[in-house]
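**Student:** here's a sequence, model it:
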Amino acid sequence: MKIAVLSDNRAEGGSLEPEHGLSLYLETAQFSCLLDVGASDRFIRNAEKMNIDIRAVDFVFISHGHMDHIGGLPAFLEFNQTAPVYLSENLLSQIYYSERNGFHRISLDVDLTPYEDRFVNVGPGIVFSHELTLSMASSRQYPRLKANQALYKDAGEGIVPDDFDHEIIFAFGSEQLFVYSGCAHRGLLNILDSVRLSTGKKVGTLMGGFHLLDSEKGRLYESPDEIDSIASALKTNYPETNFITGHCTGEKVYERLRNKLGNQLNRFYTGYTTIIE
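**Tutor:** This next block holds a predicted model:
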């Protein structure tokens, strides 16, 4: 399969535009799809520069309801008028908020009812199709990520802490799985544990954000010892898995994980491409 990063916080050279968002293009022998659509229409412009035809995409997968992953959806729905959009059955019925940098809304504020016939709602069960699995991360074996404490939602009964019932995981493959984690709000280790239990298959490559942020003035996230513990668990439990991250993985966190995981961990950016066999 071919994977190209159309939108990420970072870009390396050239004319590609970075943003605080994430969108991946995935092409296999069976289909081509988008894994999230970034925060705006920048992923479309970047795709054109990378000679990727967004109009030919077969379907879109939305990992969760935050603006940096779904903000480009209105632009996509106009640009590509046929591809269905797979998302959690809870996603569009909730409003999402963050209190980082002041309390503010982080969900799409656009009327999508004209496109509702293109949405495929994914429930708590597992959806199988052509070696493709869409599921929720059900495992709670590992702790809640500390950056989640700044995230909230309103499902119609007032603002409460976000439980990420709108987050789903994408996995593809017959033996060695490719897993897309989105932002991994339920925790990378919980996601890997859930995929292993639900599919019985090994994860060959996991790609996406880890939602492990660098601590900053006024906000403390996972400590160095806690990051080391996560890295040790990844190395012990998933020694043959390749991890590729960016977006919501902090620079200092990445370097610490890299020191433990070595070449098992790499970083993506806007314009990054790879082939997975």
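**Student:** show me where the stretch 101-250 of the chain has its strands.
**Tutor:** For the stretch 101-250 of the chain, applying DSSP state E, counting those that start in this stretch gives strands covering 104-105, 119-122, 127-129, 132-135, 151-154, 159-161, 169-172, 176-180, 202-207, 242-245.
**Student:** and these, which one's lowest on average pLDDT?
**Tutor:** In terms of average pLDDT, strand 127-129 trails the rest of these, at a mean of 82.
**Student:** and that one, what does it pack against?
**Tutor:** Judged by 3 or more Cβ pairs under 8 Å, 6 or more residues apart in numbering; DSSP states H and E, strand 127-129 is in contact with strand 132-135. Bear in mind the C-beta positions are built from the backbone N, C-alpha and C, glycine included.
**Student:** need the strands of the stretch 101-250 of the chain in a markdown table (columns: distance to residue 55).
**Tutor:** Listed next are these as a markdown table, based on distance: least, Cβ to Cβ, whole Å:
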| stretch | distance to residue 55 |
| --- | --- |
| strand 104-105 | 31 |
| strand 119-122 | 19 |
| strand 127-129 | 22 |
| strand 132-135 | 21 |
| strand 151-154 | 33 |
| strand 159-161 | 39 |
| strand 169-172 | 21 |
| strand 176-180 | 22 |
| strand 202-207 | 24 |
| strand 242-245 | 27 |
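**Student:** show the pLDDT at residue 27.
**Tutor:** Reported pLDDT for residue 27: 97.
**Student:** one step back: how about the strands of the stretch 101-250 of the chain in CSV, adding distance to residue 231 and mean neighbour count?
**Tutor:** Formatted as CSV, these follow (distance: least, Cβ to Cβ, whole Å; neighbours: other Cβ atoms under 10 Å):
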stretch, distance to residue 231, mean neighbour count
strand 104-105, 32, 12
strand 119-122, 31, 17
strand 127-129, 31, 12
strand 132-135, 25, 20
strand 151-154, 24, 19
strand 159-161, 27, 12
strand 169-172, 21, 24
strand 176-180, 18, 21
strand 202-207, 14, 20
strand 242-245, 10, 21
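**Student:** so which of these is nearest residue 263?
**Tutor:** Across the strands of the stretch 101-250 of the chain, residue 263 has its closest neighbour in strand 242-245 (8.6 Å, Cβ to Cβ).
**Student:** who touches that closest one?
**Tutor:** With Cβ atoms under 8 Å, 6 or more residues apart in numbering as the test, strand 242-245 has contacts from 204-210, 234, 254, 261, 264-268, 274.
**Student:** pull out the buried members of these.
**Tutor:** 204-210, 234, 254, 261, 264-268 (16 or more other Cβ atoms under 10 Å).
**Student:** of those, closest to residue 33?
**Tutor:** Distance to residue 33, by Cβ to Cβ, is smallest for residue 207 among the buried ones among the contacts of strand 242-245, at 13.5 Å.
**Student:** so that closest one makes contact with residue 180?
**Tutor:** Yes - judged on Cβ atoms under 8 Å, residue 207 makes contact with residue 180 at a distance of 5.8 Å.
**Student:** which residues are common contacts for these two?
**Tutor:** residue 24.
**Student:** what is the most widely separated pair among the contacts of strand 242-245?
**Tutor:** Counting by Cβ to Cβ, the most remote pair of the contacts of strand 242-245 is 204 and 254, 20.8 Å apart.
**Student:** sweet, I'm off.
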